[in-house]
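# How does the following fold in three dimensions:
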Amino acid sequence: MSGTSSRSSGSKGDRPSRAYTHTLAPSAGMETQPLLVNDGSARSKGEHYEGYKTISLVAPDSDPLRSARPVGPGKSKEEQEKNREVTLVCIAAGWVMFLEGINGMSGLAVSYFFKNTLKVEPATLSSIGSITALPWTCKPLYGFISDGFPLFGYRRKPYLLLAGVFGSISWFLMSRYVTTVVGAAVCMTFGSAAIAVANVIAEALVVERSRGESQEYASRLQSIIYAGQAVGGIIAAWLGGELLTFMSDQQVFLLVASFPLSLIVIAFVVPEHRYYGDALAERSKIGERLQGLFDAFRQPQVWRPCAFIFLLNATPATGATWFYFYTDVLKFSSSFLGTIGVVGACFTLLGVFVFDATLKKASFRPVFLWSTIISTILGLSQLLLVFRWNEALGIPDTVFCLGESAVLSIIGWICTMPVLVLAARLCPEGMEGTMYALIMSINNLGGIVGAQLGALLTTALGVTEQNLERFWLLVLICNLSTVLPLFFIGFIPDIDPGATQEKDGGLESGTV
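Predicted structure coming up:
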């Protein structure tokens, strides 16, 4: 869709054949390691958590689901149980990403609700949309809370369950009681937070399995997990438009309220042993771990790529103004807007496979450079639609928008995948989940800043629902600004940072 930025988003989230160390809780002791703090290694600063034993795992060259099969001495029954748990973890993580995608079914309904019911202007809708994404900037916090505050003896399951309950309640309130802009923003923010909490746990499960593996393997696992999100996005895009042809905005919200409830089921499916450790002692270490996280982040090989990722997303975005242009100028129906979304989601999925097939071994720097340049050039084609030059070329509005959505979705995801893979490769050993969550929070914060800058620019240019005369200038500025971060392309490493960490034995400070 034209309104979809071709830059990486958040929003808005890993490993070949070499042996590495993984820790499983034995039948006795039944103690699980912190999810997002010391989640990459059982050893922390020379300590070994009581109740753990370390086994050697091998990751084959191809199938990521087989990559965590234990080898070496052990009973066949025990190995089967461990493999079953790995499979359940992969299913759970994939479903959370799928849920994140299908949750977008509310997107069109939200836009119509704000435009027609609450009567807000484009800049306001863009600003509110970015504010509701704020929970995605606090992902490390959710990890620390789940690590230090186990509920009923568990660290993962209760938080997944709570995410499902609160996510469902927030959309139920949207469907029945919300009548103000503030109320809608609050409910949507809580719904966003619910998905963000579930996303943190899912991404941690993925990242801890990428430690010590090659960039190629990390790319493949990221592709598989985020393919689930793309499939959910396809379903959401199609239903989101079709449902509005016979349902009201609030009825769609009520339907969406049922989706987070599936997290309750996932909470019971995810394998987790009961935690018998000292939660108070665990909480007392949070300050130390925060210091370790800061020490790791301040290293140039970490903060410089993070700064580039932030800048890449922090340029102004046209945001919700495209929705007003589609409905008021081009007179597109909700059904056709859904069709544009379906095409974009399908080609996003294609972009996942294109990246996996052609670019997973490519160096990060040229991928970021050329994908940004190409997306900027193609983004300028939107001016043809704004000035209606496409009609002079004999291209109908519908055909142009569908083609543009397809091309920009492929390029946009090719821009996004390097961010996800690079984030996984930057994580120091022993704190993979927390560092990955921090990097993705920085990525999401950049998107929020970009949306707010776009909203300010929309207001400054005087673009409103009744006055879209300077919309072309907004589109031009937003597209040209996407190349500005390339002045800092040197912040992106020439070689795989994961391989460098393995060679050097990890980052010296910040490894906890």
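# any idea how far Phe368 is from the closest residue to Phe190 other than its chain neighbours?
Among residues not flanking Phe190 along the chain, Ser170 sits closest, at 4.0 Å (C-beta to C-beta, 6 or more residues apart in numbering). C-beta here means a position set from N, CA and C on the backbone, and glycine is covered the same way. Using C-beta to C-beta, to the nearest Å, Ser170 is found at 36 Å from Phe368.
# Same question for Leu473.
Counting by C-beta to C-beta, the gap from Leu473 to Phe368 is 27 Å.
# where exactly do the strands run in the protein?
19-24, 43-44, 47-48, 53-58 (DSSP state E).
# The nearest residue to Ala320 once chain neighbours are set aside - how many residues pack around it?
Leaving aside its sequence neighbours, Ala320 sits nearest to Leu125 (C-beta to C-beta, 6+ apart; 3.9 Å). Leu125: 25 surrounding residues under other C-beta atoms under 10 Å.
# what's near enough to touch Leu125?
Contacts for Leu125 (C-beta atoms under 8 Å, 6 or more residues apart in numbering) come out as Ser111, Phe114, Lys115, Gly319, Ala320, Phe323.
# Let me have those in a markdown table, extended by neighbour count.
Output for these, formatted as a markdown table (neighbours: other C-beta atoms under 10 Å):
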| residue | neighbour count |
| --- | --- |
| Ser111 | 23 |
| Phe114 | 23 |
| Lys115 | 20 |
| Gly319 | 26 |
| Ala320 | 28 |
| Phe323 | 25 |
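# Report the two of those residues separated the most.
Spanning the widest gap among the contacts of Leu125 are Lys115 and Gly319, at 13.0 Å by C-beta to C-beta.
# still on that earlier bit, Leu473 and Phe368: which is more packed in?
Counting neighbours by other C-beta under 10 Å for Leu473 and for Phe368 shows that Phe368 has the greater number, 24 against 15.
# ok so, going back, just confirm the residue nearest to Phe190 contacts Ala194, I think it does.
Yes - using C-beta atoms under 8 Å, Ser170 is in contact with Ala194, at 6.9 Å.
# between these two, which one's more packed in?
Between Ser170 and Ala194, Ala194 has the larger neighbour count (other C-beta under 10 Å), namely 26 against 23.
# Excluding sequence neighbours, find me the nearest residue to the more buried one.
Nearest non-adjacent residue to Ala194 (C-beta to C-beta, 6+ apart): Gly167, at 3.1 Å.
# Asn116 now?
Take Asn116 and drop its neighbours on the chain: the residue closest to it by C-beta to C-beta, 6+ apart is Asp249, 8.0 Å away.
# for Trp413, same thing?
Gly351 (3.2 Å).
# just Tyr154 next, same as before
Closest to Tyr154 by C-beta to C-beta, 6+ apart is Glu272, at 5.7 Å.
# show me the contacts for Ser333.
Contacts of Ser333 (C-beta under 8 Å, 6+ apart): Thr245.
# And it, how far from Ile410?
On the measure of C-beta to C-beta, Ser333 and Ile410 end up 25 Å apart.
# one step back: next step: the contacts of Leu125 restricted to helices.
Among these, the ones falling in helices (DSSP state H) are Ser111, Phe323.
# I'd like the contacts of Leu125 written out as CSV, with distance to Leu134 and pLDDT added.
Listed next are these as CSV, based on distance: C-beta to C-beta, whole Å; pLDDT from 0 to 100:
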residue, distance to Leu134, pLDDT
Ser111, 19, 93
Phe114, 17, 94
Lys115, 22, 94
Gly319, 16, 88
Ala320, 17, 91
Phe323, 21, 93
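# Closest one of the contacts of Leu125 to Leu243?
Ser111 (13.6 Å).
# now the closest one, nearest residue through space, not along the chain?
Spatial nearest neighbour of Ser111, chain neighbours left out: Phe323 (4.9 Å); criterion: C-beta to C-beta, 6+ apart.
# and that neighbour, what is it in contact with?
Counted by C-beta under 8 Å, 6+ apart, Phe323 has contacts Gly3, Ser111, Lys115, Pro122, Leu125, Leu337.
# Equivalent analysis for Leu290, please.
Counting by C-beta under 8 Å, 6+ apart, Leu290 makes contact with Phe144.
# Next one, pLDDT for it please.
With respect to pLDDT, Leu290 has a value of 80.
# what does the one 10 residues further on give?
The predicted structure scores Pro300 at 85 on the pLDDT scale.
# Same question for Pro60.
42.
# do you know how far the most far-flung residue of the chain relative to its centre is from Leu384?
Centroid-distance maximum for the chain: Ala392 at 39.4 Å, with C-alpha atoms, centre = their mean. From Ala392 across to Leu384, the span is 9 Å (C-beta to C-beta).
# what does Leu254 give?
For Leu254, the distance to Leu384 - C-beta to C-beta - is 39 Å.
# Next: Trp413.
Using C-beta to C-beta, Trp413 is found at 23 Å from Leu384.
# So those two - more neighbours on which side?
Counted by other C-beta under 10 Å, Trp413 and Leu384 do not tie: Trp413 has more neighbours, with 26 against 16.
# Would you mind writing the CA trace of stretch 392-399 as PDB?
Taking only C-alpha atoms (Å, rounded to 0.1, in the frame of the first residue of the first chain), the coordinates of stretch 392-399 have been written out as PDB:
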ATOM      1  CA  ALA A 392      -2.400  10.000 -18.600                       C
ATOM      2  CA  LEU A 393      -0.300   6.900 -19.000                       C
ATOM      3  CA  GLY A 394      -3.400   4.800 -19.300                       C
ATOM      4  CA  ILE A 395      -2.900   3.100 -15.900                       C
ATOM      5  CA  PRO A 396      -6.000   2.900 -13.800                       C
ATOM      6  CA  ASP A 397      -5.800   3.900 -10.100                       C
ATOM      7  CA  THR A 398      -6.600   0.400  -9.000                       C
ATOM      8  CA  VAL A 399      -4.000  -1.300 -11.100                       C
END
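# Buried residues in that stretch, which are they?
Within stretch 392-399, the residues that qualify as buried are Asp397, counting by 16 or more other C-beta atoms under 10 Å.
# can you list the weak-confidence ranges in the stretch 251-400 of the chain?
Along the stretch 251-400 of the chain, the parts satisfying pLDDT under 70 run over 277, 279, 282.
# For it, just list every one of the helices.
262-269, 279-284, 286-297, 300-313, 321-324, 334-354, 364-379, 382-386, 389-392, 397-425 (DSSP state H, counting those that start in this stretch).
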